[in-house]
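Peer 1: here's my sequence, what's the structure:
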Amino acid sequence: MHLENYRTKGCRRFIGFVAVLGVVLLSGCANRGVGPQGGPKDSLPPVVVKEKPENGTLNFNSKKAEIFFDEYIQLTNIPSNVVMSPPQLHPPVIRALGKKILISFEDSLAANTTYTIDFGAAIVDNNERIPLNGYAYSFATGDHIDTLGIFGQVINAENLNPVSELTVGIYEDLADSAFETKPFMRIAKTDSLGYFGIRNVRPGRYRVYALNDKSRDYRYQIGEGLAYNNEVFEPYIRTEMAEDSSIAFYYEPADVLLWYFTEKRKSQYFTRATHPEPHQLILTFGAPQDSFPTINALNDSINWAEHLLLQHSKGKDTLVYWINDSIAMLDTLRFTLTYQKTDSAYNLYWQTDTLRAVYTAPRLNARTQAKVNEQKRNKAIVIKSNAKNTFEVYDTLRLSVDAPLKSFETSAIHLSQKIDTTFKEVPIRLSQGDSIGMSYRVLAQLNAGESYLLEIDSGAMHDIYGHSNQAFKASIKLKQMEDYASVKINVLGAGQGLRMQLLNTKDQVVRELPVVNGAVTFRYLPAGACYLRLYEDLNGDGCWTTGDWSKKRAPEPVYYFPAKLNLRANWDFEETFDYQATDQLDSKPYEITKTQKPTE
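Peer 2: Residues are numbered from 1 along each chain as shown. Now for the predicted structure:
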C-alpha cells in the first residue's frame, strides 16, 4: 500500500519524551505525574504519594488498584480522558474517593501482558481543579514490563488543525485488513494539541492509525473519521549524553504524523414527509442525493403526483414539491416513494416505501377564519431582492418570489440609473435562476458608485395559484472602486492543479480561484485581515477532495500562506508564496490555528 500525494517534510513541535536512567530502571516507563515544585500551594496539581499495588508491579493478579494523593481530588470527563491499553471489552470502573482513586477491573486480564491506564487530564484537585497531566498507572501480568513507546500527533488534513479526543492504536499485524477486522493492540487518546503517546509497547514492528471510534470497538467502521501512516515503526530507546554527563533516554519514534480526514461517504436514508400547506409536500433525506426519488400517488380521487413542481436544496437532501393544480389540494396525501438508500457497506440500492402526509389546518374561531379566508383571497405575490445601498460591484441583481410563477411580463420590470435628480432607464435582460420560476437574475451594466432604482409594475407576475404582485420598488447604490483592495499572489512551485482559497479570520473560505500561469489575483476585497490557503487539486474536480480508505487515497495536500494579510481600501497588494519552502504544519498562522474535536 502506498500513501499517495503527501509530502510529509518532517514533523513539527513534537514533544520529546525523556527519562533519567534511574527512573527507567526503577519504574519502567510509569509516570508518577509529579508537578513542578515551588510556588503557592493552590497552583500545583495533585501529587501521587502512593500506589497499591505499586506502579510497575510485575505478576499483577489483583481485581483492584488504589492511587493515593496529597490532597482531595476529582475525576473529570473520564470517557474522553482515561484510556486503558490494551483496550478491554468492559473498561474498568474508575472513581475518585477523597484523596484516592479506586480502580476495579471488570474483565479478566490476559497473561504475560503489560497494561497501562493513562489518565490524560482527568485528575484535578478538588478546589482549583488544576489537572495532573500525563500520569499513567502501569503493571504487568507476567514477569517483565514492556517499556517502549510510540509518540506523535494527529492533524486535520483539510485545515491543519490538531485533532483532540481521537483514539490512536497500533497493530503488529501489518496487513491493511487488520484496521477493519481486529481491535487495536494498544491505544492512546490525542490531547488538546493532537499529541498522543502509546506507552508500554513491546519490541516489534507496528502500523499506527487514528480513529474517531464512534462504535467503540477499536477498529475502523465505514463512516468513522480516520488517519493512517504507511510507514512501519519499530520503537526503541535512544540514549544521549547530557551536559552534566548524565545519560538521558528518549523514546522513539516521537514524531509519527497522522493526517486525519472524514470520507465523503454518508449514510443515505429517508427522514420524513411533511405536508405543511395544502399545496406543499416536503421530503427530507439524511444526506445529499445523486438521483431524485419517484412519487406515485395512491389517492383515489386524483393523481396529484402529475401536478408537482420540484424545488430542491443544493445537495438535494431537502425536496419541496409544489402542487400546481388547486384541485389537488388534499388534506391527506398517500403515495409510494422510491428512493436511493445505503446499506451497511454504504452501497446504494433502491428502496420503495408507502407513505402518507397529512395537512392539519389550524383550529380557528369563525371571526379569525373569516379574516384568514379574506387574506387568502387578497394575497399578493411576495417579491424579495438583494438590492441594497451597499451593493457589491461584482454582485448580480437577483429577485425571488414565494411561489412558482406561471407567467412574468418582462417588459414590466424597469431598472433606471439616477443622474442628478432624474432617472434614465438602462437595458436589462432577465434570466431564470431555477427550474420552477421562483428566482431570477436581472442582468445589466451597473457602474461603481452609481445609484439605481428597480421597479416592477403591479400585475406583472402571476403564480400557479392565480395570485399576482403589487407594485415593487427597490433602491440600489453600488460601492465605489476606492472601497476595495486587491491582492495578487505569485505562486512558486510545480504542484498539480493548484487552487488558492481566500480565508476570513475564522478560517472560513470566502473566495476560491485556480492558479493560472503561476499566479492568482483576488479583486474587490474589503479592507481588513485575511489569510490564504493553497491545495493541490489532484483529481481536477475544482474542490478539495478528502481521503478514501478503500482506495488508499490520501486527502489532497493543503498549504497555508504563513502570514496574515492586512488589506487596505484602494490598495493593490502583491505577495510571493513559495508553498514548499515551509513545513506544512509550521506554515499555518497561529491566530487561526485551533484544536478540533473529531465530530467537527
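Peer 1: check the secondary structure at the nearest residue in space to L89 that is not next to it in sequence for me.
Peer 2: Here the nearest residue to L89 in space, its sequence neighbours aside, is D107; by Cβ to Cβ, 6 or more residues apart in numbering that works out to 6.0 Å. C-betas here are computed from N, CA, C, even on glycine. Per DSSP: H, G, I helix; E, B strand; the rest coil, the local secondary structure of D107 is coil.
Peer 1: kindly report the same for the one 10 residues further on.
Peer 2: The local conformation at I117, judged by three-state DSSP, is strand.
Peer 1: how close does it get to G152?
Peer 2: When Cβ to Cβ, to the nearest Å is the yardstick, I117 and G152 sit 21 Å from each other.
Peer 1: endpoints of stretch 218-233, how far apart?
Peer 2: Here the two ends of stretch 218-233 are set 20 Å apart, with distance taken as Cα to Cα, to the nearest Å.
Peer 1: so for it, what gets flagged as buried?
Peer 2: Within stretch 218-233, the residues scored as buried using 16 or more other Cβ atoms under 10 Å are 218-220, 223-229, 233.
Peer 1: tell me the helix or strand right after the helix of greatest length in the chain.
Peer 2: Among the elements of the chain assigned as helix by DSSP state H, the one spanning the most residues is helix 366-377. Tracing the chain past helix 366-377, the next element assigned as helix or strand by DSSP states H and E is strand 380-381.
Peer 1: tell me the strands beside the helix or strand just after that following strand, with direction?
Peer 2: Once the chain leaves strand 380-381, the next helix or strand it forms, by DSSP H and E, is strand 383-385. Here strand 383-385 has these sheet partners by DSSP bridges: strand 397-401 (antiparallel).
Peer 1: thinking again about what came up before, count the residues that sit near the residue nearest to L89.
Peer 2: For D107, the count of nearby residues is 12 (other Cβ atoms under 10 Å).
Peer 1: next: L446.
Peer 2: Neighbour number of L446 under other Cβ under 10 Å is 19.
Peer 1: now do the contacts for it.
Peer 2: Under the criterion of Cβ atoms under 8 Å, 6 or more residues apart in numbering, the neighbours of L446 are 391, 393, 397, 452, 476, 478.
Peer 1: same thing but at 7 Å, please
Peer 2: 452, 478 (Cβ atoms under 7 Å, 6 or more residues apart in numbering).
Peer 1: how much space separates it from K406?
Peer 2: To K406, L446 is 29 Å away according to Cβ to Cβ.
Peer 1: with V83 instead?
Peer 2: 64 Å.
Peer 1: same deal with N324?
Peer 2: With the distance defined as Cβ to Cβ, N324 ends up 8 Å from K406.
Peer 1: who has more neighbours out of the two?
Peer 2: N324 (19 against 14).
Peer 1: phi, psi of the more buried one?
Peer 2: Summarising the backbone geometry of N324 under the convention degrees, to the nearest 10, its torsions are phi -90, psi 10.
Peer 1: residue contacts, the closest residue to it other than its chain neighbours?
Peer 2: If the residues on either side of it in the chain are set aside, N324 comes closest to I464, at 4.2 Å by Cβ to Cβ, 6+ apart. With contact taken as Cβ under 7 Å, 6+ apart, I464 is in contact with 324, 403-404, 406.
Peer 1: now the element after the lowest-mean-pLDDT helix or strand in the chain, going C-ward?
Peer 2: Sorted by mean pLDDT, DSSP states H and E, the helices and strands of the chain end with helix 21-27, the least confident at a mean of 34. Beyond helix 21-27 on the C-terminal side, the first helix or strand identified by DSSP H and E is strand 48-52.
Peer 1: now for that following strand, which elements pack on it?
Peer 2: In this structure, strand 48-52 packs against strand 64-69, with contacts taken as 3 or more Cβ pairs under 7 Å, 6 or more residues apart in numbering; DSSP states H and E.
Peer 1: chain center to the next helix or strand after the strand it packs on, what's the gap?
Peer 2: Per DSSP H and E, the first helix or strand lying C-terminal to strand 64-69 is strand 73-75. Its chain's C-alpha centre and that of strand 73-75 lie 32 Å apart, by Cα atoms, centre = their mean, to the nearest Å.
Peer 1: how about residues contacting strand 73-75?
Peer 2: With Cβ under 7 Å, 6+ apart as the contact definition, strand 73-75 has outside contacts at 46, 94-96, 99, 122-126.
Peer 1: drop anything exposed from those residues.
Peer 2: By the neighbour-count criterion of 16+ other Cβ under 10 Å, those include these buried positions: 46, 94, 96, 122-125.
Peer 1: check those residues and tell me the two furthest apart.
Peer 2: Checked with Cβ to Cβ, the buried ones among the contacts of strand 73-75 reach their widest spread between I94 and D125, with 17.2 Å between them.
Peer 1: contacts only, for I323.
Peer 2: By Cβ under 7 Å, 6+ apart, the contact list for I323 reads 279, 304, 307-308, 329.
Peer 1: how about it: what's its closest non-neighbour residue?
Peer 2: H279 (4.8 Å).
Peer 1: the one you found against M329, yeah?
Peer 2: Yes. Contact criterion Cβ atoms under 7 Å: H279 and M329 qualify, at 5.5 Å.
Peer 1: who's more crowded, these two?
Peer 2: It is H279, of H279 and M329, that has more neighbours when counted by other Cβ under 10 Å, with 21 against 16.
Peer 1: tell me who's in contact with that one.
Peer 2: If a contact means Cβ under 7 Å, 6+ apart, then H279 has 322-323, 329, 465 as its contacts.
Peer 1: where along the stretch 151-300 of the chain do the strands fall?
Peer 2: In the stretch 151-300 of the chain, the strands defined using DSSP state E, counting those that start in this stretch lie at 167-171, 186-189, 195-201, 207-211, 226-228, 236-241, 247-252, 256-261, 270-274, 280-285, 294-297.
Peer 1: list the helices and strands the helix or strand following the last one packs on?
Peer 2: By that I understand strand 294-297. Along the chain past strand 294-297, the next helix or strand (assigned with DSSP H and E) turns out to be strand 308-312. Based on contacts counted as 3+ Cβ pairs under 7 Å, 6+ apart, the elements that strand 308-312 packs against are strand 318-323.
Peer 1: so what are the sheet partners of the next helix or strand after the strand it packs on and their directions?
Peer 2: With elements assigned by DSSP H and E, the helix or strand that comes after strand 318-323 is strand 332-342. Partner strands for strand 332-342, per DSSP bridges, with pairing direction: strand 294-297 (antiparallel), strand 348-358 (antiparallel).
Peer 1: which residues touch strand 332-342?
Peer 2: Here strand 332-342 makes contact (Cβ under 7 Å, 6+ apart) with 267-270, 275, 281, 289-291, 293-299, 304-305, 348-358.
Peer 1: filter those residues down to the buried ones.
Peer 2: Applying a neighbour-count criterion of 16+ other Cβ under 10 Å, the buried members of the contacts of strand 332-342 are 268, 270, 275, 281, 289, 293, 295, 297, 304-305, 351, 355, 357.
Peer 1: so for those residues, which is the shakiest by pLDDT?
Peer 2: Among these, Q289 carries the lowest pLDDT, at 82.
Peer 1: mean confidence for stretch 439-458?
Peer 2: Stretch 439-458 comes out with an average pLDDT of 95.
Peer 1: could you dump that stretch to CSV, C-alpha only?
Peer 2: Extracted C-alpha coordinates of stretch 439-458, given in CSV (Å, rounded to 0.1, in the frame of the first residue of the first chain):
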residue,chain,number,x,y,z
SER,A,439,-35.7,33.0,-8.7
TYR,A,440,-34.4,35.4,-11.4
ARG,A,441,-31.3,37.3,-12.3
VAL,A,442,-31.5,40.9,-13.6
LEU,A,443,-28.6,41.3,-15.9
ALA,A,444,-27.5,44.8,-16.6
GLN,A,445,-24.4,47.0,-16.8
LEU,A,446,-24.1,48.6,-13.3
ASN,A,447,-21.4,51.1,-12.7
ALA,A,448,-19.4,51.5,-9.5
GLY,A,449,-20.5,54.4,-7.2
GLU,A,450,-23.8,54.9,-9.1
SER,A,451,-27.4,54.7,-7.8
TYR,A,452,-30.3,52.8,-9.4
LEU,A,453,-34.0,52.2,-9.0
LEU,A,454,-35.5,48.8,-9.6
GLU,A,455,-39.3,48.8,-10.3
ILE,A,456,-41.8,46.1,-11.1
ASP,A,457,-45.3,47.1,-12.3
SER,A,458,-48.3,45.6,-10.5
